[in-house]
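Asks: Any chance you could fold what I've pasted below:
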Amino acid sequence: MSELKTSPVSVLSERSFRYEPLFEEGSIEPNPDVPVYRKTHRLIFVLTKDEALTSEVQELCLSLVLRVKEAFSGFIVHLKHEEKKEAGKIPIDISHAIGTTTTRMVAELEAKKNPKLRKLNQIYQSRIEVLRSSSEKFRVFFEIASVFSTETTAEDLESWGRDCFKKLFRIDVDHLEQRRIKIATEEYFKALHPNKERFERYEKYVKAGFSVIEDPKIGDTVWYSGGETFLQGVVTKAGVQTGRGSKKFVHGLFDLPEKYGDEALFLRRI
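Replies: This is a model prediction of the structure:
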């Protein structure tokens with residue numbers, strides 16, 4: 001099979017490619033870890049179930065939100081003191097705070113380990129790894145999210161803090177109520193229902209001898225998912241071909257109506 005030269009993968013060159021669960025939370029459990037192309041960065045910052053439910057991660061996020069708000073408020077006071085009123089953007093860099101706070105929390109978990117309690121140590125080590133993976137997401141998220149206008153108000157900051165938890169934890173709560181963050185996150189994951197139709201379709205492909213692959217070639221199958229309507233296509237030299245008969249057409253990977261979703265999988269019969 002020849003290599004794909006004029007490939008729909010070129011459409012992805014400016015987007016994020018990540019190994020992540022095909023059936024993300026809200027769809028199916030357990031989640032097979034397979035390569036998925038995403039049309040947008042819709043889920044790039046979203047915490048996994050293990051990350052979101054870890055108390056240290058919740059505590060870290062809350063402390064970072066408060067740190068950003070405090071830093072911005074201090075900067076505004078400084079501008080007023082200097083009588084500078086020009087409009088502009090104020091980026092708040094908390095990368096150092098993320099590093100030092102994560103290091104401190106990891107050290108606290110390490111201190112709880114007991115050489116005689118192997119299973120307990122494994123639990124603490126798992127929480128450490130989850131904390132570290134979350135801190136990397138926070139590092140990217142806050143670098144993008146922590147840019148404010150000089151006209152930002154206290155009310156805007158409160159809305160911003162709430163929005164941070166919406167994007168990261170999928171919950172809509174008062175971000176100042178740490179106990180409520182824990183409860184709301186637990187309620188969110190308990191309320192999820194598996195998408196059996198989606199899972200059964202994937203199982204059907206696997207049983208038919210298909211495997212999800214990272215680098216597509218001409219002739220590979222494309223499966224669009226995550227939308228209202230399922231669509232299947234095939235990789236050609238010119239792009240992705242979908243449809244049949246007179247309705248057949250070739251297009252870029254995501255040059256499709258939104259109803260087909262924003263994720264694409266490449267499959268190959270092995």
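Asks: Break down the stretch 1-150 of the chain into its strands, ranges please.
Replies: 17-21, 33-38, 89-91, 147-149 (DSSP state E, counting those that start in this stretch).
Asks: and those strands, which one is worst for confidence?
Replies: Lowest mean pLDDT within the strands of the stretch 1-150 of the chain: strand 17-21, at a mean of 42.
Asks: wait, what's in contact with Tyr148?
Replies: Not quite, residue 148 is Phe, not Tyr. 72, 89-90, 92, 156-157, 160 (Cβ atoms under 8 Å, 6 or more residues apart in numbering). Backbone N, C-alpha and C define where each C-beta goes, glycine included.
Asks: switch the cut-off to 6 Å
Replies: Applying Cβ atoms under 6 Å, 6 or more residues apart in numbering to Phe148 gives the contacts 72, 90.
Asks: That one pairs with what?
Replies: Beta-bridge partners of Phe148, counted by DSSP bridges, are Ile90.
Asks: buried ones in stretch 120-138?
Replies: 124, 127-128, 130-131, 133-135, 137-138 (16 or more other Cβ atoms under 10 Å).
Asks: ok, now stretch 54-68?
Replies: Buried residues in stretch 54-68 (16+ other Cβ under 10 Å): 54, 56-65, 67-68.
Asks: What of stretch 257-270?
Replies: 260-268.
Asks: Quick check: Val147 vs Phe72, distance?
Replies: Using Cβ to Cβ, to the nearest Å, Val147 is found at 10 Å from Phe72.
Asks: Compare the two and say which is more crowded by neighbours.
Replies: Using other Cβ atoms under 10 Å as the criterion, Val147 and Phe72 rank with Phe72 on top: 22 against 13.
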